[in-house]
Structures are given as structure tokens and as C-alpha cells.
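Novice: need a structure here:
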Amino acid sequence: MPSPYVVALIANGPYMPGAYVAAASILAAGLREDAAIVILHPEDALTGEQRNWLQRSYPRIELLEVDASAYLPDALSSWNTILAPLFLRFALAEIFTSARKILYVDSDIVALRTVNDVFDFDLDGRPVAAADDDLVAGLVGHKASWLAYRNALGVPPEVPYLNCGVFLTDAPLWRERAIKRTLTEIFLNNRGLCRFSDQSAINLYLKGQFARLSPAWNFQQNYQAIGAEDLLRPRLVHFAGSAKPWRNDGFVFRTVYRDRYRNLLLSTPFSAFFESYAKVSVRQSREAWRAVNRMLHGREIQSGIRRAELGLLRTKLTQLLSAKDFIDLRISAERRGT
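Specialist: Here you go, the predicted structure:
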């Protein structure tokens, strides 16, 4: 019997090791028995050794070979383009035809706590639940280029803007409204506005009308920079941006996250994915020097966040969280009777 709940990941060959880590960490944190966890991929994404090892070591991780052309228009349907895996996430409700809720998770994510209760969240008639695209940036002050992009998109700073790295869909509603087709058309008709392709398209479509998850479900580097783990208790750590924990520019993330990646990758057919500490590019060394220089001079923890602002940023974030606008925090409060 098909599972009513699905955790879905999408990866072509280069991102398959990351998808494995995300899926393995979700299973390690505990996944309910009525939920399936599936990695969608093209035909050539795995070697025979990798496939056999995954099926033997992680029988709960389902490997689903997908023909992108069956779900996307010609302009987006080749796995050889970066757009296919991005826009396939909008076809998930059509691929999993009996699913009630689908949690999509990017391949640059590691789970720290269980995702089980996300499938019980009430989306209140909205097709998507997701986290804002980094509240800390808004508290610090958005860059002019980001403000111009959002204003052109019709999603100004006062309107919530979601991050597509993690999102939960009401699958029957998604199918009923033919949202995949609508989003694809929006992108194809507005490429000039869609600076971040699929993420831009869904924000252009929703214009803030989504159920909001707290940053615990999409814990990005800026939250780590202000030490917000105690405020948020992160579930899914999202390595958004150019720096990644499996590369030697991953120093911007806490050692515990990088070590979690290393432990999941060692002794697997994907171990080469983790860069050797001896391999450092010129770009990585320059970025490391800039970060160390900022910290030594006490000016910034990272670009845009000054050490002197830490207390104020934490206070503002605490106030946002206490407003209970986030469906997971509201439900948690109701269960506690507060």
C-alpha cells in the first residue's frame, strides 16, 4: 500500500551523496512507519556499487528513477540542466499520486531531530508550508539588490518570502489546483524576474500566502552565527549558499555539523564526496582569511552581522518566535496548554 506521507529528495549524479546524507540523517533521527523516504534520480545517477550498498544498508530509502520529460516541458526536462531537479519538486504530488502530505528536503541538509510531526501540521487550506528565507537577514537589514529583486517580484520585505530548501505540500490540494503546471508557466513567462528560478516562481505565485514553519525546519548559517540553537532547537540544518560542509569552505558551519557529514560518509561508496583537508582552493583560502580577519578584529561574526549587534538580534528573533505566527510553534504551545 502506498504511503500517505512521503519525504522526497531529488538528485542527479553530483548531488546523490548529499541526498544520501540527508536521507540517512532523517532516518537516524527517527521516521514514522507510515512515511516513505524516497530519492528521485535519473538513470545514470548511481553506480552499481552505490545502488547495491544503499539497498543493502538502508532498505527504507527508496530509489526512484524518474524520466524528467514525463513531468516537465521541454525547456526544463533534461536532467543535464540545473532546472530539471529544481522544478521536479513541483511535480511531486503528481509522481506520488496517493500521497496526502509530501515533505521535500534539499540535498544540502542534515537532520538533527525527527521530522515526524510535520505530517500532522494543519496547513489551513494553503498548499505549502515552509520557512522564511532567513529572518536574520531581515533583522540585520536587506541589501539594496535583494530589496530590488523582491519588489520587482511583487514580494516586498513586509510579505513573507519562503525558502524552497524544505517545504511541506498538501498533495491533494496541489493536484486539484494543478499547481505544478501553474508554477512552470509562471517561470517560463517571467524568466527575467525569476532570479532564483523555482524559488522565485513559487514566491511570485504565493505572494506570502503559505503556512509558515519556524527556522528550526530550515536552520541556515545566519541563525548559527547569532547562536540561535538554544532559541530554535534546529531540526533540519540547511547549508544554503556557496559554502558547504563537505568542502573546505565549510568552516563557516559548526564542527558538529561537518563531523555529522563526515561520519555519515566515511566507509560508504560516497566517501570521496568529502574533500580532503589537504585540498584547499585559492578561493577557499581567501574566504577563510577574510573570515578570520573579521573575527580577529572583532568587527563581524560574518558578513553583515556585527558582534555588537548579537544581543539585539537575539532579542528581535525571540520576539518573532513568541508571536506564534509559525504553525509548528503554535501547535507546540497548544499541546503544552499555553
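
Novice: element containing Ile39?
Specialist: Assessed by DSSP states H and E, Ile39 sits inside strand 35-41.

Novice: which secondary structure elements does that strand sit against?
Specialist: If you count contacts as 3 or more CB pairs under 8 Å, 6 or more residues apart in numbering; DSSP states H and E, strand 35-41 packs onto strand 5-10, helix 16-29, strand 61-65. Every C-beta, even on glycine, is put in place using the N, C-alpha and C of the backbone.

Novice: any idea how far that strand is from the middle of the chain?
Specialist: Strand 35-41 sits 15 Å away from the centroid of its parent chain (CA atoms, centre = their mean, to the nearest Å).

Novice: what of stretch 12-29?
Specialist: On CA atoms, centre = their mean, the centre of stretch 12-29 falls 12 Å from the chain's centre.

Novice: got the buried residues for it?
Specialist: Residues of stretch 12-29 classed as buried: 12, 15-27, 29 (neighbour count, 16 or more other CB atoms under 10 Å).

Novice: cool, and stretch 29-44?
Specialist: Within stretch 29-44, the residues that qualify as buried by neighbour count (16+ other CB under 10 Å) are 29, 31, 35-42.

Novice: can you list the residues you listed in JSON lines and add pLDDT?
Specialist: Converted to JSON lines, these look like this (pLDDT from 0 to 100):
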{"residue": "Ala29", "pLDDT": "95"}
{"residue": "Leu31", "pLDDT": "97"}
{"residue": "Ala35", "pLDDT": "97"}
{"residue": "Ala36", "pLDDT": "97"}
{"residue": "Ile37", "pLDDT": "98"}
{"residue": "Val38", "pLDDT": "98"}
{"residue": "Ile39", "pLDDT": "97"}
{"residue": "Leu40", "pLDDT": "97"}
{"residue": "His41", "pLDDT": "95"}
{"residue": "Pro42", "pLDDT": "93"}
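
Novice: what ranges does the stretch 101-250 of the chain have for its strands?
Specialist: In the stretch 101-250 of the chain, the strands defined using DSSP state E, counting those that start in this stretch lie at 101-105, 109-111, 128-132, 162-170, 211-213, 236-238.

Novice: residue contacts, the residue nearest the centre of the chain?
Specialist: Centrality entry for the chain: nearest residue to the mean C-alpha point is Gly165, 2.2 Å, by CA atoms, centre = their mean. Residues near Gly165 by CB atoms under 8 Å, 6 or more residues apart in numbering: 105-106, 108-109, 218, 238, 240.

Novice: quick check, nearest of the buried residues of stretch 12-29 to Val118?
Specialist: Distance to Val118 across the buried residues of stretch 12-29 (CB to CB) is lowest for Ile26, with 10.9 Å.

Novice: residues in contact with that closest one?
Specialist: Each residue near Ile26 by CB under 8 Å, 6+ apart is listed here: 7, 37, 105, 111, 115.

Novice: pLDDT wise, what is it at?
Specialist: For Ile26, the pLDDT comes out at 97.

Novice: quick one on the thing from earlier: how about the buried residues of stretch 12-29, which pair is most distant?
Specialist: Pairwise distances across these peak at 25.3 Å for Asn12 and Ala29 (criterion: CB to CB).
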